[in-house]
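Enquirer: Structure of the sequence below:
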Amino acid sequence: MLDQIFTPIGDSLPLVSQDLRKAAIIGAGQVGMACAYSMLIQNTLDELIITDINQEKLEGEVMDLVHGLSFVEPSVIKAGTIEDYQDLDLVIITAGAKQHPGESRLNLVQRNVEIFKSIVPEVVKRSPNAILLIVSNPVDIMTYVSLKLSGLPASRVIGSGTVLDTARFKYLLGQKLKLDSRNVHGYILGEHGDSEVALWSELHIGGSRLDQLIPNWREPEVYDQLDQVYNQVKNAAYEIIQRKGATSYAIGLGVTQIAQAILRDQNHILTVSSLIKDFYGINDVCFSIPAVVNRQGVERQIAIYPSDEELAQLRKSAQLLKEITSGIGF
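Expert: This next block holds a predicted model:
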């Protein structure tokens, strides 16, 4: 058929080697497909393999995506299996048991550990140079488990951490202050879950710290309003799950930002979950503090200066996570 369409104009030239951005997503549920769609429309990668235990659903999801390729920058998207994972730059794991209404992320741990035992070693065997980006909950535990199962350097095993919590924090503060949330500079740290910590002492609006703008922010009438924002952030996932069954769109956007930081070598500061070493005496646990993310993975973690109260909360968060990982034998 090609002979009928095209007229050759010369000899074929050897292919020029290109540095293609290649990734895979394991899990074609709501989160996995939100990640795939967000990365596709933002031209995040050149090739994407999506894998799921439900092959028929997977094929339908991929068909739905590829039918829109003429509307976006050229990409290759295909349904595949772990057998197809060759020379990948990034593997995003969203597979796992679903969080039910009223269930904490930590309740998921044992079910998801068993799933990861069958996934992570197979991924590393086929793409030993890939960076692992863990999204499945409880994400801090699953990041630590993936680090131990993979044998990879700590810099190359990353969890989505509190990237989404931080985005919620900035959005809700922006709404309260009538500001573009991109002009609110603050972090949610620690566990992605019930023990997460709002770093109020380092919150900046534009270029000014909270205590410069509102010197009395610790007084009850002001702090109560701030605490309401924190509780909205902490409970957001529960409320969304109660209403629609799962969170998906915002985490898809957050994962895209992490993926772009990696694949485009952006040196972007993000609150991803990674292995903590000697952070105010906290060691050997994965949770979120601001870190520089680039083509190496987590290259550096940023020095922060929490208040005594915030530091106590972070230590409590770390201890909770360490008790759980110890309890499951990691």
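
Enquirer: In the stretch 51-200 of the chain, where is pLDDT below threshold?
Expert: 99-100, 103-106 (pLDDT under 70).

Enquirer: show me where it has helices.
Expert: Listed in chain order, the helices of the stretch 51-200 of the chain (DSSP state H, counting those that start in this stretch) span 55-66, 109-126, 139-150, 163-177.

Enquirer: most neighbours per residue, which of those helices?
Expert: helix 139-150 (a mean of 26; mean count of other C-beta atoms under 10 Å). In this view, the C-beta of every residue, glycine as well, is placed from N, C-alpha and C.

Enquirer: and the helices of the stretch 51-200 of the chain as TSV, adding distance to residue 72?
Expert: Output for the helices of the stretch 51-200 of the chain, formatted as TSV (distance: least, C-beta to C-beta, whole Å):
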stretch	distance to residue 72
helix 55-66	10
helix 109-126	27
helix 139-150	28
helix 163-177	23
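
Enquirer: what about the helix of greatest length in the chain, distance to the chain center?
Expert: Looking across the chain with DSSP state H, the single longest helix is helix 220-244. Offset of helix 220-244 from its chain centre (C-alpha atoms, centre = their mean, to the nearest Å): 21 Å.

Enquirer: What is it packed up against?
Expert: Packing contacts for helix 220-244, counted by 3 or more C-beta pairs under 8 Å, 6 or more residues apart in numbering; DSSP states H and E, involve helix 163-177, strand 197-198.

Enquirer: As TSV, these with distance to residue 113 would be great.
Expert: Shown next, in TSV, are those (distance: least, C-beta to C-beta, whole Å):
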stretch	distance to residue 113
helix 163-177	22
strand 197-198	25
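
Enquirer: Can you check which of these gets nearest to residue 111?
Expert: The closest of the helices and strands packed on helix 220-244 to residue 111 is helix 163-177. By C-beta to C-beta, the value is 21.3 Å.

Enquirer: residues in contact with that closest one?
Expert: Contacting residues not belonging to helix 163-177 are listed as 179-188, 192, 196, 198, 203, 205, 225, 229-230, 232-234, 236, 247, 250-251, 253-255, 257-258, 270-272, 288 [C-beta atoms under 8 Å, 6 or more residues apart in numbering].
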